[in-house]
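Undergrad: based on what follows, work out the 3D shape:
(one chain, ligands or ions: 1)
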Amino acid sequence: MARGQATTLFRVCSSKENVFRVRVLLSNRYFHSMRKLDECVSEENQFSTPFNVSKREFSTTLIDLVRFRYHSENTKFAEYDIVKGRTLSSLVENGGSVDDINAYESNIVDAMEENGTSFVDSVDDDRIGNGIDGSDEGSIYVSTSSESECDNDEVDSNDIVRFQQLSASDPVELYRELKNAEKGANLKRSDWDTLREVFHLFSNSGWAVNQALAIYIGKSFFPTAASKFRGFFFKQCPTDVAKYLVSLGPAEGAVKFLFPIFVEFCLEEFPDEIKRFQSMIASADLTKPHTWFPFARAMKRKIIYHCGPTNSGKTYNALQRFMEAKKGIYCSPLRLLAMEVFDKVNALGVYCSLHTGQEKKHVPFSNHIACTVEMVSTEEMYDVAVIDEIQMMSDPCRGYAWTRALLGLTADEIHLCGDPSVLSIVRKICSETGDELHEQQYERFKPLVVEAKTLLGDLRNVRSGDCVVAFSRREIFEVKLAIEKHTNHRCCVIYGALPPETRRKQANLFNDQDNEFDVLVASDAVGMGLNLNIRRVVFYTLSKYNGDKIVPVPASQVKQIAGRAGRRGSIYPDGLTTTLQLDDLDYLIECLKLPFEDVQKVGLFPFYEQIELFAGQLPNITFRKLLEKFGENCRLDGSYFLCRHDHIKKVANMLEKVQGLSLEDRFNFCFAPVNIRDPKAMYHLLRFASSFSQNVAVSIAMGMPKGSARNDAELLDLETKHQVLSMYLWLSNQFEKEVFPYAKKAEIMASDIADLLGQSLTKACWKPESRQAGKPKAQQKGDGYERPRSLIKSYDKEGDVLWNLKAMKCFVLFVYSECHQISFLYCRKKQEKTTLPKQSEKVAT
Ligand SMILES: Nc1ncnc2c1ncn2[C@@H]1O[C@H](COP(=O)(O)OP(=O)(O)OP(=O)(O)O)[C@@H](O)[C@H]1O
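TA: Next up is the predicted model:
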């Protein structure tokens, strides 16, 4: 190889015997390809999708040529090491010039041109053994280790020349050579073992799997292809190639040497698989989602991002623009919030319709619509659109609906309301769509104050206007029971499984000052959409079950919930927040202090048409499998992730036995709002789908309960019944009305059950039951939060609350303002049993 053409690479690896092997890697003029390849390898773990490799990066003929072995203690070699013991990639990364590389290379080539002997001769004979020892591994060893270590290393100069040729050979030619070989290699047993190891490494190489995708060898097919390639190689490989591979050993270099040959093998042996996979990949392409909405792309939209914490007036301002517009759409994260806006806007004299999955209320002459974000039409034109809680774009399950609304809405002006977590990604999206982005920053109307005293583990310390937040239905009822038993407060209840109508009624009951219901016990469902007169948000716990295990509540959610205290316009404009247990306080403060996390990716999910296209490639698999395959093979840009669809797969699985559903029907049924953990609800969905598939009118087939619930089982039954009716209504809006002829009846029943639920909740005084047989195990200490040990602490002799007031002589209040400034307010406590500090007692330091 001419010196000027050659580029040298050093790889320094340590072996078991503390002997360093310096591999001199020579690449040909495709050095730049190699550099790319190096980058590609180093970034391997960062691949968000296997398709980030845009080119056939394997088009390089970089090959290990010579290996040296030496002891690091060898002073002569150490010198050599200092000068030359840098990897080529370090030369490149550190901005090494081509001259550096050439100099680097020339040293090695010089050494080789001296036939190895003179080079080796320059090293202390006593410590070198045989120097270039003609090993059959095809390596030149400059070794200071004992001679015995080099016994197997027999390489003669012919081998070196041949290895050089192999290193630079064209993989196509090499493959031809292998293919035309009349017999395989004649190797020692140990060499075959090494070869096997090499192929084992190749089959398990993540790099090779990713690179193979570039020629449409899929991940699932790769092991088969690699195994066939191994069979082919073992049968056909000439001795010199095998020896060369043995000399490289089970290392990255060997994988890279093999890969181009593997490519040629695959292209010739598996054309059908490649073609099939290619079409499949093309049909699962979710890249460039902004191009999916040509109408929106044909417009120059003005996007206004109302960016700030809770209770800062973002939605208020956006809604002002919505109401002023000739034609507007408000996109809500919840049915409940869509209803609120629908009522509010109509009350202010702006005709507005309502469109959610379950209901379509058309108000005559209305040009405005309040809808849930999933129901947004991307075809209808609007003057002003409002997308509320835009940070939900990053929601693992529902994020795709916000992404679709942002990318696809055909409105001249789009107002986004939310925290700053998706601001940078919205900027990026707007630069891709060509929309004009305006940012409006907001501050909280009044800072949120953290009460450092907490409730000291005692629910008797709740006060009027408190909202106690728990993260499970069971806890909510436990808390309600305890408060009502041990205090004079009455509790309203809000949690996700309740119908929106019931939640609203509970909220109104709590907001109304002329009744005894002055405490709210709620789940995280309280975090969004309801304007409540909350004085103080008390976290009963700060850990929750995430469907898999108990985890700390994410900081963003803690902020969102705590922010419900002290809303502008409510009777408690100064918001307080605290925890039940002192142990949880630090985490609360930490969450509130944390800046909003900058989200890197937002959700996407394919439209039915995309799934249909994909299904065309895999005609004979079940819908569930199809979704799985889509998930495995879809291509996404770096700013997007595929939304989780486990619940869809569960429903798909259940509906597999239902014959006669078209793919589209299946797709729609899988999106029905069903609680997959509720077997009764699942049963009804199965029944609905079966009737539908037989083209039989789908019946409700569910009796009305006689009255409100008398125990928790009856309450659960009411919840389930309402969910089933809600599902019926949802389906009736998805499919032809004739197939779901009882929608009106279902609506009336649902409304009656919502009333019964409301009545049941006001008198609920029973121990909660669990819908699930097994309750999630409490988390170990140190791995989150312990569940509070007791709800009501025992009284001491005088009947006083067991506060350790001595230890509580002084306590601290942290005033948290969501611009992340914390000031400390001290309040000196005397021995008097003051329950809470008054605002006037706080002294700012
Ligand atoms: N300019 C205003 N005049 C009167 N009331 C206002 C004004 N701005 C906001 N409000 C009221 O303050 C409360 C909080 O406002 P808004 O809901 O817009 O805040 P937000 O920042 O969107 O909070 P969240 O994200 O929690 O919904 C609402 O009750 C709203 O009606």
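
Undergrad: and the single nearest residue of the stretch 501-650 of the chain relative to the ligand, how many neighbours?
TA: Using CB to the nearest ligand atom, the closest approach of the stretch 501-650 of the chain to the ligand is made by R568 at 3.4 Å. C-beta coordinates here come from the backbone N, C-alpha and C atoms, glycine included. Counted with other CB atoms under 10 Å, the neighbours of R568 add up to 14.

Undergrad: so which strand or helix has it?
TA: Counting by DSSP states H and E, no helix or strand carries R568.

Undergrad: how is the residue nearest to it when sequence neighbours are not counted assigned, secondary-structure-wise?
TA: Among residues not flanking R568 along the chain, F445 sits closest, at 4.6 Å (CB to CB, 6 or more residues apart in numbering). Of the three states, F445 takes coil under DSSP: H, G, I helix; E, B strand; the rest coil.

Undergrad: count the neighbours of F445 for me.
TA: Neighbour tally, F445, other CB under 10 Å: 17.

Undergrad: now do the contacts for it.
TA: N311, S312, G313, R568, P573 (CB atoms under 8 Å, 6 or more residues apart in numbering).

Undergrad: most neighbours, which of those residues?
TA: Busiest of the contacts of F445 [other CB under 10 Å] is N311, holding 25 neighbours.

Undergrad: can you confirm it is in a strand?
TA: No: using three-state DSSP, the assignment for N311 is coil, not a strand.

Undergrad: and it, what are its phi and psi?
TA: The phi and psi values for N311, taken as degrees, to the nearest 10, are phi 60, psi 50.

Undergrad: swap in P705?
TA: phi -70, psi 150.

Undergrad: tell me if I'm right that it and L757 touch.
TA: No: counting by CB atoms under 8 Å, P705 sits too far from L757 to count as a contact (9.9 Å).

Undergrad: which one of the two is surrounded by more residues?
TA: Using other CB under 10 Å, the more surrounded residue of P705 and L757 is L757, with 27 against 17.

Undergrad: and the gap between R404 and F671?
TA: The gap separating R404 from F671 is 13 Å, by CB to CB, to the nearest Å.

Undergrad: cool, and Y540?
TA: For Y540, the distance to F671 - CB to CB - is 33 Å.

Undergrad: so these two - more neighbours on which side?
TA: Applying other CB under 10 Å to Y540 and F671 shows that Y540 carries more neighbours, namely 24 against 18.

Undergrad: so that one touches T578, yeah?
TA: No: in this structure Y540 lies outside contact range of T578 using CB under 8 Å: 10.9 Å.

Undergrad: related to what we said a few turns ago, what does the pLDDT read for the residue nearest to R568?
TA: We have a pLDDT of 85 for F445.

Undergrad: buried residues, the longest helix along the chain. List them.
TA: Criterion DSSP state H: the longest helix present in the chain is helix 712-734. Neighbour-count burial for helix 712-734 flags 712, 714-716, 718-733 (criterion: 16 or more other CB atoms under 10 Å).

Undergrad: tell me what that helix is packed against?
TA: Where contact means 3 or more CB pairs under 8 Å, 6 or more residues apart in numbering; DSSP states H and E, helix 712-734 is packed against helix 663-670, helix 679-693, helix 743-763.

Undergrad: just to revisit the earlier point, list the contacts of the residue of the stretch 501-650 of the chain closest to the ligand.
TA: N311, G313, F445, K446.

Undergrad: how about C371?
TA: Taking CB under 8 Å, 6+ apart as the test, what C371 contacts is I329, Y330, C331, S332, A338, L354, H355, T356.

Undergrad: how about the helix or strand harbouring the second one, does it reach the ligand?
TA: Think Y330. Take DSSP H and E as the rule and Y330 turns out to sit in strand 328-332. No: when contact is scored as CB under 6 Å from any ligand atom, no part of strand 328-332 falls within range of the ligand; the minimum is 10.8 Å.

Undergrad: and that strand, how far out from the chain's middle?
TA: 27 Å (CA atoms, centre = their mean, to the nearest Å).

Undergrad: CA atoms only: put that strand into CSV for me.
TA: Below are the C-alpha coordinates for strand 328-332, written out as CSV (Å, rounded to 0.1, in the frame of the first residue of the first chain):
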residue,chain,number,x,y,z
GLY,A,328,-63.4,29.5,17.1
ILE,A,329,-62.5,26.2,18.5
TYR,A,330,-61.4,25.4,22.1
CYS,A,331,-59.6,22.1,22.5
SER,A,332,-59.7,20.7,26.0
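
Undergrad: I'd like to know which elements it is packed against.
TA: For strand 328-332, the elements it packs on are helix 314-324, helix 335-347, strand 368-372, strand 381-387, judged by 3+ CB pairs under 8 Å, 6+ apart.

Undergrad: how does it look with 10 Å?
TA: Using 3 or more CB pairs under 10 Å, 6 or more residues apart in numbering; DSSP states H and E, the elements in contact with strand 328-332 are helix 314-324, helix 335-347, strand 352-355, strand 368-372, strand 381-387, helix 399-408, strand 410-418.

Undergrad: between the longest one and helix 712-734, how many degrees?
TA: Same thing as helix 335-347. 60 degrees (axes from the mean of the first three to the mean of the last three CA atoms, to 10 degrees).

Undergrad: does the ligand sit close to helix 335-347?
TA: No: counting by CB under 6 Å from any ligand atom, the ligand is not contacted by helix 335-347; separation bottoms out at 8.6 Å.

Undergrad: how about low-confidence regions in this structure?
TA: Scanning the chain for pLDDT under 70 picks out the ranges 1-158, 529, 768-845.

Undergrad: kindly report the residues of the chain close to the ligand.
TA: Of all the residues in the chain, those lying near the ligand are 308, 310-316, 417, 531, 563, 567-569, going by CB under 6 Å from any ligand atom.

Undergrad: elements contacting the host helix or strand of V558?
TA: Element membership for V558 (DSSP H and E) is helix 555-562. Where contact means 3+ CB pairs under 10 Å, 6+ apart, helix 555-562 is packed against strand 448-451, strand 466-469, strand 536-539, strand 576-579, helix 585-593.

Undergrad: tell me how far stretch 256-267 is from the chain's mean position?
TA: Worked out by CA atoms, centre = their mean, stretch 256-267 lies 34 Å from the chain centre.

Undergrad: can you list the buried residues in that stretch?
TA: K256, F257, L258, F259, P260, I261, F262, V263, E264, F265, C266.
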